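> 3D model of this:
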Amino acid sequence: MTDYVQRSLGVDKETADTLRQSYWAKYGTTLTGLMREHNIDPTPYLTDVHDIDFSVLSADPELAVRITNLPGRKIVYTNGTASYAHRVLEARKLEHVFDEIYGVEDAELLPKPERPAFEIVFKKDGLVPTQAAMFEDDPRNLSVPFDMGLKTVLVGPNQPDHRFIQHYTNDLAGFLSQLV
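Below is the predicted model:
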C-alpha cells in the first residue's frame, strides 16, 4: 500500500507511509483517504494492493469444521475486494464454509466502520442484525454492528476495553468450539 501511495502521489516512501497510516486511522482504509483527499481511482489501487502471494497461507481444517458447525448463514464482509477474500479463503481451505462474500465494492466503496457501509451489505444479504454476530479483527469496526444489535466478537492478539466488544478471543477455533 505504501508503494502504491508513493507512486500515485509522487511522494517519498516516508511520506507515503505516513499518509497510508493517517488515512487508515481517519477513514478506516487507506483507499478511502486516497479517494476523498486525492480523487484516486479505486480500481487500480485495489488490483495492485491485492496482488500478493497467497502460498504463505496454510489450510485450517479445524476452523473450517468449527465455522461449518455454526447455525445460520455465514458471510464474509471485508474492506478488501470480494475476489481478494475468495483467494484468501481458498488458500486457507475455508471457501466452502461461507454462504456469501462481500467486499468493499459491494458497499459502494464505503469502508467499515462507516454505518452506511454496513447497512448496504446487511440489506443485500438480508441479514437481521439482532439475529447475527460479527467477528472482526479491528475493534473500531465493531461499534456500528453493536449499535445495530449484532453480537460482537473481537479476534486478535490484544483485548481492548470497549463497551461494544462483547466477546474476545485470540483463538477463533477454540472460541467457536465452545459455541456449538
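> In this protein, spot the helix with the most residues.
helix 13-27 (DSSP state H).
> Identify each buried residue in it, please.
If you call a residue buried by 16 or more other Cβ atoms under 10 Å, then helix 13-27 has these buried ones: 16-17, 19-20, 23-24, 27. C-betas here are computed from N, CA, C, even on glycine.
> now do stretch 95-109
95, 97-98, 100-104, 106-107, 109.
> Mind exporting the C-alpha coordinates of it to PDB?
Written as PDB, here are the backbone C-alpha positions of stretch 95-109 (Å, rounded to 0.1, in the frame of the first residue of the first chain):
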ATOM      1  CA  GLU A  95     -14.100 -21.100   0.900                       C
ATOM      2  CA  HIS A  96     -16.700 -23.800   1.200                       C
ATOM      3  CA  VAL A  97     -17.900 -22.800   4.700                       C
ATOM      4  CA  PHE A  98     -19.300 -19.400   3.700                       C
ATOM      5  CA  ASP A  99     -22.600 -18.700   2.100                       C
ATOM      6  CA  GLU A 100     -21.600 -15.300   0.600                       C
ATOM      7  CA  ILE A 101     -18.600 -13.000   0.400                       C
ATOM      8  CA  TYR A 102     -19.000  -9.200   0.300                       C
ATOM      9  CA  GLY A 103     -16.100  -6.800  -0.400                       C
ATOM     10  CA  VAL A 104     -15.800  -3.000  -0.300                       C
ATOM     11  CA  GLU A 105     -17.200  -2.900  -3.800                       C
ATOM     12  CA  ASP A 106     -20.500  -4.300  -2.500                       C
ATOM     13  CA  ALA A 107     -20.700  -1.400   0.000                       C
ATOM     14  CA  GLU A 108     -20.400   1.100  -2.800                       C
ATOM     15  CA  LEU A 109     -16.700   1.600  -1.800                       C
END
